[in-house]
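Undergrad: pasting the sequence and the predicted coordinates here, then a few questions.
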Amino acid sequence: MEIKAQLRGLSPYQPGKSIEEVKRQYGLSDIIKLASNENPYGCSPAVKEAIIRELDRLAVYPDGYARLLREKVAAHLGVKETQLIFGNGSDEVIQIISRAFLSAGTNTVMAVPTFPQYRHNAVIEGAEIREVPLVNGRHDLEAMLAAIDENTRVVWICNPNNPTGTYVTEQELRSFLERVPKHVLVVLDEAYYEYVRADDYPQTVPLLAQYDNMMILRTFSKAYGLAALRVGYGIASEALIQGMEPAREPFNTSSVAQAAAIAALDDQAFIRTCSDKTREGLEMFYRFCEENGLRYYPSQTNFILIDFAIEGNEVFQYLLERGIIVRSGNALGFPTSVRITVGSKEQNERVISALAQMI
Ligand code: PMP
């Protein structure tokens, strides 16, 4: 037996420490996890009822085409139902895109550091990876353009970018799309879309009418608070979606997840409230950084990358011992930083007061 060569150099996904693990390891009871950019307020209360209704139908396969959810999302975005593809999280949509476009002999362009799943899937497909360093924490679109050649199939733009929280502006994106060759698919991963406040952040759905070589990714895992249920989706031209559909698993989103996503989408007031509170939380972190002379990237997401000018692992460990799980920058390409998910007000206060004692 021989596992395919591309897989041998890859590690399985490292989810970080779980609350249970930290409880046991440090003998602590009150742990908070601010490591995976989850919503500290959970999800809309309407979701529970929708799930309970679904529980009577567990013996039946889900609707593989997710018709009801599809109708809802299409109406919400103002696109055709045929312009959507659903995945078991946007992670799966990234996998589908990679299966559909990448293979040995092709290459794919992405920023570094960015969300690691673009690279991971490209490695599995045997594509060459062209990583273009961020400049001041931001995508260098000119250098990304320069990295494209006739074998390039996909360019990934994580907007806002994980782990920096920075963004590509509407003007920058338009200028990029104008110049990208038409044989290249431009993927805009907008996992944190609902948190964005910047006026010059691109509204990409209307751009689809103009550019048929682009695709937008969104998810129910972040602001919608459904990370456990795994629903994400892609939006693109009808032809592109149809071309990709055969690469999707037949029943990739469960009926429970579909029903939950429909209920969550209906409660836009919940999203607005969470996004407002997150903004207030971010501002608490900004103030803390400014008062203490710490560098950070202003963020359009529900996380913040803070540079402590010492090993990220040290800060991570210090917080861990106090029952706070964050993400060390060492694993994210920023060795002197940590990435902290914005939590509830109480959680943010607890992190800030722990950090204040450290520095
Ligand atoms: N894209 C980005 C930029 C992310 O940060 C994440 C989650 N960490 C994902 C995609 C995947 O999210 P999900 O599979 O839960 O939709």
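TA: Arrived safely.
Undergrad: only C-alpha atoms from now on, for both contacts and neighbour counts.
TA: Will do.
Undergrad: what ranges do the strands span in the protein?
TA: 32-33, 84-87, 107-112, 128-133, 152-158, 185-189, 214-219, 232-235, 295-296, 303-307, 324-325, 327-328, 337-341 (DSSP state E).
Undergrad: can I get these in TSV including mean neighbour count, mean pLDDT and distance to residue 270?
TA: Supplementary listing: these in TSV, determined by neighbours: other C-alpha atoms under 10 Å; pLDDT from 0 to 100; distance: least, C-alpha to C-alpha, whole Å:
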stretch	mean neighbour count	mean pLDDT	distance to residue 270
strand 32-33	22	96	22
strand 84-87	25	98	23
strand 107-112	25	98	33
strand 128-133	18	98	36
strand 152-158	24	98	25
strand 185-189	22	99	22
strand 214-219	24	98	16
strand 232-235	25	98	19
strand 295-296	18	98	28
strand 303-307	25	98	19
strand 324-325	24	97	26
strand 327-328	26	97	27
strand 337-341	27	98	19
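Undergrad: so which bits of the stretch 1-150 of the chain are right by the ligand?
TA: 89, 90, 91, 115 (C-alpha under 6 Å from any ligand atom).
Undergrad: same deal with the stretch 201-350 of the chain?
TA: So the stretch 201-350 of the chain meets the ligand at 219, 221, 227, 230, 231, 232 (C-alpha under 6 Å from any ligand atom).
Undergrad: re earlier: distance to residue 178 added to the strands of the chain, as TSV?
TA: Shown next, in TSV, are the strands of the chain (distance: least, C-alpha to C-alpha, whole Å):
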stretch	distance to residue 178
strand 32-33	42
strand 84-87	24
strand 107-112	17
strand 128-133	20
strand 152-158	14
strand 185-189	11
strand 214-219	12
strand 232-235	19
strand 295-296	32
strand 303-307	31
strand 324-325	42
strand 327-328	37
strand 337-341	34
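Undergrad: flag the shaky bits of the stretch 251-359 of the chain, pLDDT-wise.
TA: Within the stretch 251-359 of the chain, no stretch has pLDDT under 70.
Undergrad: mind listing the residues bridging to the residue nearest to residue 129 when sequence neighbours are not counted?
TA: Closest residue to residue 129 apart from its sequence neighbours, by C-alpha to C-alpha, 6 or more residues apart in numbering: residue 108 at 5.2 Å. Applying DSSP bridges to residue 108 gives these bridge partners: residue 129, residue 154.
Undergrad: also the one 4 residues further on?
TA: With beta bridges defined as DSSP bridges, residue 112 has these partners: residue 133.
Undergrad: residue contacts, it?
TA: 131, 132, 133, 134, 333 (C-alpha atoms under 8 Å, 6 or more residues apart in numbering).
Undergrad: which of the residues you listed sits closest to residue 30?
TA: Checking the contacts of residue 112 against residue 30 with C-alpha to C-alpha, the nearest one is residue 333 at 29.5 Å.
Undergrad: my read: that closest one touches residue 113, true?
TA: Yes - contact between residue 333 and residue 113 holds when scored by C-alpha atoms under 8 Å: they sit 5.7 Å apart.
Undergrad: looking at these two, which is more packed in?
TA: Remark: of residue 333 and residue 113, residue 113 carries more neighbours, 20 against 13, as counted by other C-alpha atoms under 10 Å.
Undergrad: can you pull the contacts of the closest residue to residue 43 other than its chain neighbours?
TA: Distances taken as C-alpha to C-alpha, 6+ apart place residue 225 nearest to residue 43, at 4.5 Å, with adjacent residues excluded. Counting by C-alpha under 8 Å, 6+ apart, residue 225 touches 38, 39, 41, 42, 43, 44.
Undergrad: one more pass at 7 Å, please.
TA: Applying C-alpha atoms under 7 Å, 6 or more residues apart in numbering, one finds that residue 225 lies in contact with 38, 39, 42, 43.
Undergrad: check residue 200 too.
TA: 169, 170.
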